[in-house]
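[1] sequence-free structure coming up:
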């Protein structure tokens, strides 16, 4: 009891002494207070070790000649049997930035700063805004984050605030994943093959599908080209088997669609026109099929044309890396004519034979797995997605997730709009019931309940947001570093100019919201997600510095009043691709002066966009040379007492016109440019001089310009013309 009372007395006494003492004595008290935290059995030694040094012996071995401070430290440590800790290497602080969090202890903060604990205590004495009296020992928890920030700043460092690691709990993985392959192969049943038709634009891919399914899809396509993925289930003519066909666009702008088609298929039918041969998108399709690791069958179309050259096409395919069977490879080549329906039976047999060799099987039970091919908004059905079921059987009422979107299936339709009760694997289907439009290429997974679907979507959205926050933090830090580099450079300039010279502060100019550089904002609305994606990809290839091109907004669906308001704000243009615009929206756009440009063919939209950008470009000066002349001799005439030089010259090409501009060139160097005050033929003032005629030329306000024999005079006009746009799209319009 006595020892405890003495300990409490000493602690209170040292606290009062600490507040009223000098900084040196405070450090000593801190050392004693640290010792007071040791075992209670050493209290009697503390009582016999006063702060006064006069009562201590004058000789302490090797420390006899030590200073008072060293002697005090020696006595304290000997009294408590307290060994001096070895100095730890200071942590390396990269870029002067430390990471701190709330509820740090004093010792933890000192360790992060690379300083002793006393350094933190000393800085607390200079913090007047906050109460730091309760942080009186190394284990004290600093629960005020502002105190931590002030200490770091007073240490000359920058801080990065993060959450307390002790309170951070690892988020449980609530995502949904594909099921593992079945352990029992007997549960898998045979399924139809998925065949993707690929090739260059206008080589007859859709016409081939029309011939196989006895339809006329190509007549409904704008511009005669496919502009989205078409998914069809075709029943072969001479058998009861079904094949799922995917028709991909051949235009260069739809490369992402071709890539998706190659990665969800079993077999790629590469259509090559016999009269055109292997083209750019043909080679691209071959690369996609090779990357996806799928089998390839070559269909050489338009063999009925007189200019068809099948052997040339085969040689070009071999050069592109496609080894046909007749050249010792394993790729079949079938000659067809989609228009005349020739060779279709051989193509069907080749597909069926290759599908048998691949042994395509899957489960028809369990949760559904698939992939989104396209998504769009239908005025009557709402948000729907064209999907390909890859595993399981999809039925009405199922809960699906795709990316950050989910759906409760309200209805299922085939490509002709017929209602389906269930959908088995390798069957294309339109799924109605999505809360938001899923992105093309997203993976579709079935979950048990609506609550589970919401949970998966919420988890994926949170993970996406966290990733975006990290990217934003890196971007912000990059801007800070750039500013600090500029700031240090300015400080160095001031230092070099000297202290005595007063330097005017170099404030950065205020950023203006008004843009003076030519720019064009566009809003894109399309019928399906794949078409919008293709247009955005084309816009991403624009890199000209003459005019800024900004995509203000893009999405699937009709043009709305919100789009018109955005276009008004950004002085932009609305591009509607294969979608209709309501009369009310059209009337609002006309009132606000907003242009809504309707297009059904992508390359026409791109041409229109080029013209719109060109219209925003400022006019440039275009120089047109009218005539040239050679200087034969210089003459001088006196006008009002001044000697004015005059060039006697002969016109060698074109005409020399008095109202035009003249340029004096000597040894490929421009000496003078300007207008002429006088143009004479002998003694007659004239307006123009023809070829091979001699004349006298006197510049206006150019007394100091002298002529030499052999100089060249160039007569030219300058006109304002529209600037041209250099935009490499990577492809050519049709």
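    That came through fine. This is a predicted model, so every value here is computed, not measured.

[2] Provide a list of residue ranges in this protein with pLDDT below threshold.
    1-95, 164-170, 214-230, 236-239, 247-263, 498-516, 728-734 (pLDDT under 70).

[3] Can you point out the buried residues in the longest strand belonging to it?
    Longest strand in the chain, counting residues (DSSP state E): strand 619-639. By 16 or more other CB atoms under 10 Å, the buried positions in strand 619-639 come out as 626, 627, 628, 629, 631. (C-beta placed from N, C-alpha, C; glycine too.)

[4] Just send those back as TSV, with distance to residue 127 too.
    Converted to TSV, these look like this (distance: CB to CB, whole Å):
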residue	distance to residue 127
626	80
627	83
628	82
629	84
631	83
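
[5] Looking at those, which one is closest to residue 570?
    residue 626 (43.8 Å; CB to CB).

[6] and that closest one, what does it touch?
    Contact analysis of residue 626 by CB atoms under 8 Å, 6 or more residues apart in numbering lists 654, 655, 656, 657, 660, 715, 716, 717.

[7] Distance of it relative to residue 686?
    Separation of residue 626 from residue 686 (CB to CB, to the nearest Å) stands at 15 Å.

[8] And for residue 482?
    From residue 482 across to residue 686, the span is 63 Å (CB to CB).

[9] Which one's more surrounded, these two?
    Counted by other CB atoms under 10 Å, residue 482 and residue 686 do not tie: residue 686 has more neighbours, with 16 against 10.

[10] State the helix or strand in which the nearest residue to the more buried one once chain neighbours are set aside lies.
    The shortest distance from residue 686 to any non-neighbouring residue, by CB to CB, 6 or more residues apart in numbering, is to residue 679 (5.9 Å). Per DSSP states H and E, residue 679 falls inside strand 676-681.

[11] got it, and residue 386?
    strand 382-391.

[12] What pairs with that strand, parallel or antiparallel?
    Under the criterion DSSP bridges, strand 382-391 sits next to strand 369-378 (antiparallel), strand 427-434 (antiparallel) in its sheet.

[13] mind checking how far the longest one is from the chain centre?
    It stands for strand 369-378. Between the centre of strand 369-378 and the centre of its chain there are 24 Å (CA atoms, centre = their mean, to the nearest Å).

[14] list the buried ones in it?
    By neighbour count on 16+ other CB under 10 Å, the buried set for strand 369-378 is 369, 370, 371, 372, 373, 374, 375, 376, 377.

[15] For the fourth one, give me its contacts.
    The contact partners of residue 372, by CB under 8 Å, 6+ apart, come to 385, 386, 387, 402, 438, 439, 440, 441, 442, 443, 444.

[16] what about the second one, neighbour count?
    By the measure other CB under 10 Å, the count of residues near residue 386 is 24.

[17] same check, this time on the last one
    When neighbours are counted by other CB under 10 Å, residue 444 registers 23.

[18] That one sits in which helix or strand?
    With DSSP H and E as the test, residue 444 turns up in strand 443-447.

[19] cool, and residue 727?
    Assigned by DSSP H and E, residue 727 falls within no helix or strand.

[20] State the distance from it to residue 378.
    Taken as CB to CB, the span from residue 727 to residue 378 is 34 Å.

[21] ok, now residue 342?
    For residue 342, the distance to residue 378 - CB to CB - is 37 Å.

[22] Check which helices and strands the host helix or strand of residue 291 sits against.
    In this assignment (DSSP H and E), residue 291 forms part of helix 280-292. For helix 280-292, the elements it packs on are strand 194-199, helix 255-263, strand 267-273, judged by 3 or more CB pairs under 8 Å, 6 or more residues apart in numbering; DSSP states H and E.

[23] Give the next helix or strand downstream of it.
    Where DSSP H and E defines the elements, the next helix or strand beyond helix 280-292 is strand 295-301.

[24] roughly how far out does the lengthiest helix in the chain sit from the chain middle?
    For the chain, the helix reaching the highest residue count under DSSP state H is reported as helix 450-497. With CA atoms, centre = their mean as the basis, helix 450-497 stands 14 Å off its chain's centre.

[25] And stretch 270-277, by the same measure?
    So, by CA atoms, centre = their mean, the centroid of stretch 270-277 is 36 Å from its chain's centroid.

[26] circling back to that earlier point, which two among the contacts of residue 372 are spaced furthest apart?
    Going by CB to CB, the pair spanning the contacts of residue 372 furthest: 386 and 443, at 14.7 Å.

[27] Highest neighbour count among the contacts of residue 626?
    residue 656 (29 neighbours).

[28] roughly how far apart are that one and residue 695?
    Distance from residue 656 to residue 695, counting by CB to CB: 7 Å.

[29] Quickly list what's touching both of those two.
    Counting by CB under 8 Å, 6+ apart, the contacts common to residue 656 and residue 695 are 629, 679, 689.

[30] so the longest strand of the chain versus strand 676-681, what angle?
    70 degrees (axes from the mean of the first three to the mean of the last three CA atoms, to 10 degrees).

[31] Next, the contact list for residue 330, please.
    Residues near residue 330 by CB under 8 Å, 6+ apart: residue 323.

[32] Likewise for residue 669?
    So residue 669 contacts nothing (CB under 8 Å, 6+ apart).
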